[in-house]
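**Student:** next comes the sequence, and after it the predicted model I'd like to discuss.
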Amino acid sequence: MSVLAEKVRGWELPDLENNWRLIAALPIVFFGFFWIWNRFQLRVCEQIPFDCPEFWPISIFELGEPNDIGYPKPVHLAAAVAAVLIFIFSIRILRRLNYYLLPVLTLGTALILATNLTHGVENGLRRPINGVPGDRRDYYSQAQLIDSPTDFFREFNAIQRDLLTHSHTHPPTATLLFYYLGALIGETALIAVFITMIAAAISGIYLIRLFRREFDQKFSHYMVFLFLLTAAVQIYFAASIDALILAFSLGAVVHFTDFESKSSLGWAIVLTIVVSSLTFAVLFLPVVFAGYELWTRRSLKRTIVTVVAVALIYVAVFLLSGFDYLESFLLTSLLENISENSSGWRLLWDTVNYSFTRIENVGEIIFFFGPYLTYLLILGILRTRGRPDLMKLALVAMGAVGLMWLTGAYRTGETVRGAFYVHPYLLLPVAYYVSKKKFSSFYAYTLPSLIFLQVMVMQLVGNFRW
């Protein structure tokens, strides 16, 4: 294996910086590959019907047809111009300010809201929260049907199967969050703004804590700005609860992997409980905890303490309220992996659909990550010697989500948002590569511009609401 790795490393991929031929060729090859695979999987789908989205690898997408969503109108184009102007201002002022934290988070958040407003307030902010008329499947729509939040929580196991799509595949707290946000804020567009601001702030602060373990302050803040610029964050941070799940799960990992702090394990347990109350995909966390602790400490002590502590909390919740977390999780797993005639591991009875959606799971995340960051990710993995701790964390996180996909999780794809929590770790290899380079105008201006160009094209050609 080591011989093979050395041979791969020996085949040097060219650097991206100021390599204009490569810069021009990458998107052609990158998006050309996805277009070819899209045609191939649609042809297969004609012969063997399965869950094949028209715009593979994007699971949920529709073109911005004027008769459908009233787009584009002058106000939408004005928002696009405003977004571009904010971006130009951002890359210039942030370099002058040495990527000071507050402007990074403020301008990154402003860009998220501005690019989503290219769809207008209704489609850009409201519909991601309250759904599409006639197709209500979101948390907010379910929350509006709640008479008593206490009864909803206590009786969740009994009513779970009959709830709307997102509510019956998530713990009750996910729906209750929108119940209370609706009661406190009311206007769904403002709920989207609130989620964006909180998620951007928390994830940004925790990312800085992670990057600062290996890199200086200026570079760490710069990498947070790149994170906030990525297509997945720009498109989905104003959408729903998944942005908060990303932020809190990142916090749990940052605290868990801080072996020097005495209070870190306690905070990791608290944030793991928060994540578990919002999604059953919390299983990602103990896999990451175990993999990282084994690789770096040859121990599982902290992982075991965390898992036991979280389990005891849910035992107490069951005794006090009657809500059975394990039963709810098992029902969700059943609902996600059954058909009219079969159940169990989908590979055994739904082989074609299972196989193509596993590819879709990977493809959608890579597509949103974009040609340039994906290329830098590959360079970072190939050229970083010695496997430093943050690289180990990145590889463990990618392996953990891969294991979840193998079990059949995310059976309909939709991972760029459903598995949002893996997104920050993809930037760790990128950081290792870029940190070795002189911080030139290419990284200050050109690379962010290339990333933002993809964001604007994606936002302007269609709608990604869930």
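**Tutor:** In hand now; what should we look at?
**Student:** list the contacts of T279.
**Tutor:** 170-171, 174, 241, 245 (C-beta atoms under 8 Å, 6 or more residues apart in numbering). To be clear about C-beta, it is placed using only N, CA and C from the backbone, and glycine gets the same treatment.
**Student:** can you tell me which of those end up in strands?
**Tutor:** The strands, defined by DSSP state E, take in nothing from those.
**Student:** tell me the one of the residues you listed nearest A189?
**Tutor:** I241 (16.2 Å; C-beta to C-beta).
**Student:** what sits against the closest one?
**Tutor:** 139, 174, 177-178, 195, 278-279.
**Student:** all helices in the stretch 201-350 of the chain, in order from the N-terminus.
**Tutor:** 217-229, 231-236, 242-256, 264-278, 284-297, 301-321, 325-336, 346-349 (DSSP state H, counting those that start in this stretch).
**Student:** equivalent analysis for the stretch 351-466 of the chain, please.
**Tutor:** Using DSSP H, counting those that start in this stretch, helices in the stretch 351-466 of the chain cover 351-369, 371-383, 389-406, 415-418, 423-435, 441, 447-461.
**Student:** closest one to G124 among the ones you listed?
**Tutor:** helix 447-461 (8.7 Å).
**Student:** rounded mean pLDDT for the closest one, please.
**Tutor:** For helix 447-461, the mean per-residue pLDDT is 94.
**Student:** tell me the helices and strands packed up against that helix.
**Tutor:** Helices and strands touching helix 447-461, by 3 or more C-beta pairs under 8 Å, 6 or more residues apart in numbering; DSSP states H and E, are helix 74-96, helix 101-116, helix 217-229, helix 231-236, helix 371-383.
**Student:** pick the most deeply packed of those.
**Tutor:** Comparing the helices and strands packed on helix 447-461 by mean neighbour count (mean count of other C-beta atoms under 10 Å), helix 231-236 ranks first with a mean of 24.
**Student:** what comes into contact with that helix?
**Tutor:** Taking C-beta under 8 Å, 6+ apart as the rule, helix 231-236 contacts 111-112, 115-116, 227-228, 242-243, 365, 368-370, 416-417, 420, 423, 451, 454-455, 458-459, 464.
**Student:** what's the closest of the helices of the stretch 351-466 of the chain to L319?
**Tutor:** Nearest of the helices of the stretch 351-466 of the chain (C-beta to C-beta): helix 389-406, 29.6 Å.
**Student:** okay, the angle between the closest one and helix 242-256?
**Tutor:** 130 degrees (axes from the mean of the first three to the mean of the last three C-alpha atoms, to 10 degrees).
**Student:** for the chain, spot the helix or strand the model is least confident about on average.
**Tutor:** helix 66-69 (a mean of 48; mean pLDDT, DSSP states H and E).
**Student:** wait, L13 sits on I381?
**Tutor:** No - L13 lies out of contact with I381 (C-beta atoms under 8 Å); the separation is 10.8 Å.
**Student:** re earlier: dump the helices and strands packed on helix 447-461 into TSV; add distance to F284 as well.
**Tutor:** As requested, those are exported to TSV (distance: least, C-beta to C-beta, whole Å):
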stretch	distance to F284
helix 74-96	31
helix 101-116	24
helix 217-229	18
helix 231-236	16
helix 371-383	19
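**Student:** mind checking the longest helix of the protein?
**Tutor:** helix 20-47 (DSSP state H).
**Student:** helix 447-461 and that one, what's the angle between them?
**Tutor:** Helix 20-47 runs at 30 degrees relative to helix 447-461, counting by the same axes, to 10 degrees.
**Student:** between helix 351-369 and helix 20-47, find me the angle.
**Tutor:** Using the same axes, to 10 degrees: helix 20-47 against helix 351-369 is 150 degrees.
**Student:** and helix 20-47, what does it pack against?
**Tutor:** Against helix 20-47 (3+ C-beta pairs under 8 Å, 6+ apart) you get helix 351-369, helix 371-383.
**Student:** in the stretch 101-250 of the chain, where is pLDDT below threshold?
**Tutor:** 133-136, 239 (pLDDT under 70).
**Student:** same deal with the stretch 351-466 of the chain?
**Tutor:** Ranges of the stretch 351-466 of the chain meeting pLDDT under 70: 412-413, 465-466.
**Student:** residues near R21, how many?
**Tutor:** 8 (other C-beta atoms under 10 Å).
**Student:** let me see the contact set for it.
**Tutor:** Under the criterion of C-beta under 8 Å, 6+ apart, R21 has no neighbours.
**Student:** and the pLDDT at it?
**Tutor:** 95.
**Student:** so how far is Y433 from it?
**Tutor:** 19 Å (C-beta to C-beta, to the nearest Å).
**Student:** ok, now F225?
**Tutor:** F225 sits 17 Å away from Y433, taking C-beta to C-beta as the criterion.
**Student:** contacting residues around M197?
**Tutor:** Neighbours of M197 in contact, by C-beta under 8 Å, 6+ apart: T109.
**Student:** list the buried residues for the helix or strand hosting it?
**Tutor:** In this assignment (DSSP states H and E), M197 forms part of helix 188-211. Of all the residues in helix 188-211, those buried under the rule 16 or more other C-beta atoms under 10 Å are 188-189, 191-193, 195-197, 199-200, 202-208, 210-211.
**Student:** tell me the centre residue of this protein?
**Tutor:** F420 (1.6 Å; C-alpha atoms, centre = their mean).
**Student:** surely that residue is in contact with A247?
**Tutor:** No - F420 is beyond contact range of A247, at 9.5 Å (criterion: C-beta under 8 Å).
**Student:** who does the helix or strand just after the longest helix of the chain touch, helix- and strand-wise?
**Tutor:** Moving toward the C-terminus from helix 20-47, the next helix or strand (DSSP H and E) is strand 62-63. Helices and strands touching strand 62-63, as assessed by 3+ C-beta pairs under 8 Å, 6+ apart, comprise strand 462-463.
**Student:** distance from the chain centre to the strand it packs on, please.
**Tutor:** Centroid displacement of strand 462-463 relative to its chain, using C-alpha atoms, centre = their mean, to the nearest Å, is 18 Å.
**Student:** packing partners for it?
**Tutor:** Using 3+ C-beta pairs under 8 Å, 6+ apart: strand 462-463 touches strand 62-63.
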